[in-house]
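>>> the sequence and its predicted three-dimensional model are supplied below.
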Amino acid sequence: MKVVFLKMKKKILISGGTGFLGYHLSKNFVKKGFQVVSISTKGPLKKRKIKKVEYIICDITNKNMLQKKLKNKKFAIVINLAGYVHHGNLKKTYQSHYLGCKNLSEFFKHKSLDYFIQIGSGLEYGKKNSDHKENMICKPLSIYAKAKLKSSRYLLNLYKKFQFPVVILRLYQVYGPHQDQNRILPSLIHKSLQNKKFPCTSGSQIRNFLYVDDFINLVEKIVKTKRYYGNIFNVGSNKSIKIKSLINQVMSKVGLGMPEFGKIKMRKDEAKKMSPSILKVTKTYNWRPKINLSKGLTKTINYYRRDK
């Protein structure tokens with residue numbers, strides 16, 4: 001009699017799994033043979049729904065609801081993307097990021113996990129004139145950034161006390177297909193495709209853009225390596241760019257667009273320069289971004305042309 005041993009699939013929980021990054025992570029990990037569970041306050045858009053993903057509707061800022069929804073479920077990996085920015089409701093913005101992260105990490109604190117990957121933000125550093133390094137003192141400006149920093153510190157404290165297997169990724173501007181139109185690049189591309197006038201700042205802000213496939217590739221490398229817990233890593237591309245130059249590149253590729261530079265002012269809580277040093281993450285995980293901005297923009301613009 002032949003005995004067949006079935007290899008158990010690793011189970012991964014993605015909080016905020018119905019959003020842009022959650023969709024791409026879910027799609028990738030399903031392809032890699034993982035069991036993927038998404039937990040979000042609402043279900044996925046039709047075009048973001050993935051057949052093999054289990055979708056749980058839950059507000060993770062509600063501790064009791066979270067415990068009920070995840071009761072008796074076991075996971076090898078948790079990726080926390082949950083939270084949103086609501087400029088009209090600062091309290092909700094803060095709670096969705098900090099309280100959600102706290103509740104989720106507390107639930108898994110004494111459970112067996114390979115990784116808890118927290119998605120942080122380069123905004124945690126605040127205003128800096130030089131490229132951001134992970135050992136810099138953080139002075140966040142916005143409520144969103146303050147909530148992200150508090151989450152980072154809370155998780156690092158769990159690591160120190162309980163050896164909680166956390167890694168924090170401070171992202172900059174990750175872009176690509178399926179991103180919501182309220183983000184800078186999709187908004188810019190849509191307005192250019194429609195050949196509409198769009199007011200903007202002078203465009204002197206410096207930002208860093210990473211194509212989504214490069215981000216996914218890094219997360220893949222991380223989950224294969226059960227090491228480097230308790231670390232923060234900046235995640236971006238090799239080159240930062242002025243927003244004015246970005247707008248001009250998009251218009252050049254689209255062939256349309258009417259930006260009105262200088263029509264609006266920068267927000268008071270907006271840093272002029274957001275540029276990371278990615279030396280630590282490239283050395284630690286032997287990872288480098290492969291898709292440059294020009295190629296990434298072409299891929300993204302082509303997607304939105306089809307999606308009009």
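Ah, there it is. As the structure is a computational prediction, the values presented were derived from the model and not from experiment. Numbering: from 1, shown residues only.
>>> low-scoring stretches of this protein, by residue?
For the chain, applying pLDDT under 70 flags the ranges 1-8, 87-88, 308.
>>> in it, which helix has the most residues?
helix 143-162 (DSSP state H).
>>> list the buried residues in that one.
143-152, 154-156, 158-159 (16 or more other Cβ atoms under 10 Å). To be clear about C-beta, it is placed using only N, CA and C from the backbone, and glycine gets the same treatment.
>>> what's that helix packed up against?
helix 90-94, helix 100-108, strand 115-121, strand 166-171 (3 or more Cβ pairs under 8 Å, 6 or more residues apart in numbering; DSSP states H and E).
>>> list the contacts of it.
83, 85, 90, 93-98, 101-102, 105, 109-110, 116, 118, 120-121, 123-124, 126, 138, 140, 164-166, 168, 229-230, 232 (Cβ atoms under 8 Å, 6 or more residues apart in numbering).
>>> just want the angle from that helix to strand 115-121.
150 degrees (axes from the mean of the first three to the mean of the last three Cα atoms, to 10 degrees).
>>> send the alpha carbons of helix 143-162 over as CSV?
Taking C-alpha atoms only, helix 143-162 is exported to CSV below (Å, rounded to 0.1, in the frame of the first residue of the first chain):
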residue,chain,number,x,y,z
ILE,A,143,-1.4,62.1,12.4
TYR,A,144,-0.9,59.2,9.9
ALA,A,145,2.8,59.3,10.3
LYS,A,146,2.6,59.6,14.1
ALA,A,147,0.3,56.5,14.3
LYS,A,148,2.8,54.6,12.1
LEU,A,149,5.7,55.5,14.3
LYS,A,150,3.8,54.6,17.5
SER,A,151,3.0,51.2,15.9
SER,A,152,6.6,50.6,15.0
ARG,A,153,7.7,51.4,18.6
TYR,A,154,5.0,49.2,20.0
LEU,A,155,6.0,46.2,17.8
LEU,A,156,9.7,46.7,18.6
ASN,A,157,8.9,46.6,22.3
LEU,A,158,7.0,43.3,21.7
TYR,A,159,10.2,42.0,20.0
LYS,A,160,12.4,43.0,23.0
LYS,A,161,10.0,41.5,25.6
PHE,A,162,8.8,38.3,23.8
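>>> pull out the buried members of the contacts of helix 143-162.
Using 16+ other Cβ under 10 Å, the buried members of those are 83, 85, 93-98, 101-102, 105, 116, 118, 120-121, 123-124, 126, 138, 140, 164-166, 168, 232.
>>> count of neighbours near residue 133?
13 (other Cβ atoms under 10 Å).
>>> measure it to residue 275 for me?
11 Å (Cβ to Cβ, to the nearest Å).
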